[in-house]
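Peer 1: what would the 3D arrangement of this be:
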Amino acid sequence: MNKTIKNLLILAAIGLVIGLGVVYYIFNKPHRDVAGEKPSFKVEAKVLFKEYSANEMAGNEKYGDKVIQVTGKIVEIVKDSTEVSIVLNDEMEGVNCALNTKTVEENLNKINNFQVGDEVSLKGKCDGFDMIMGVVLTQCYLVK
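Peer 2: Below is the predicted model:
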């Protein structure tokens, strides 16, 4: 009986070490470099929205979790103290692009000069479709 308990404690210790290693790996995984990735697709905002609204599942299969470059007219700019979100296409059928913090810091003057109606190209990770926000892109960068 004593030997069985000893073996169980050794197995539990090994399991704990493996579990801690997995947790450490997951929390210290490098972040995705959207800025350095080549876009999988270059698409107009109205085309992107149309594809998602026609078939959300097909849109997610094609664009989901991929880096895409979207071009369109600005219909809304939402700013708070640290974040900027730009909505393209139109108010009812939008593509919502949340700019990366580094992009905001590096391009603050340019962003402050953006006007509704300006054409802009942004590259970001497609997070899918939301009934309220439209197509959602995160970690967006301005395309020079």
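
Peer 1: which residues sit against stretch 107-115?
Peer 2: 74, 77, 84, 86, 99, 104, 120, 142 (CB atoms under 8 Å, 6 or more residues apart in numbering). The way it works is simple: take the backbone N, C-alpha and C, and place the C-beta from them, glycine included.

Peer 1: 7 Å instead?
Peer 2: 74, 77, 84, 104, 120, 142 (CB atoms under 7 Å, 6 or more residues apart in numbering).

Peer 1: could you do stretch 40-51 as well?
Peer 2: 59, 63, 66-72, 88-89, 93, 95, 134-135.

Peer 1: for the contacts of stretch 107-115, which entry has the maximal number of neighbours?
Peer 2: Neighbour counts for those (other CB atoms under 10 Å) peak at residue 84, which has 21 neighbours.

Peer 1: mean confidence score for the top helix by length along the chain?
Peer 2: If you go by DSSP state H, the chain has its longest helix at helix 2-27. Helix 2-27 carries an average pLDDT of 91.

Peer 1: ok but residue 76 is inside a strand, no?
Peer 2: Yes: counting by DSSP: H, G, I helix; E, B strand; the rest coil, residue 76 is part of a strand.
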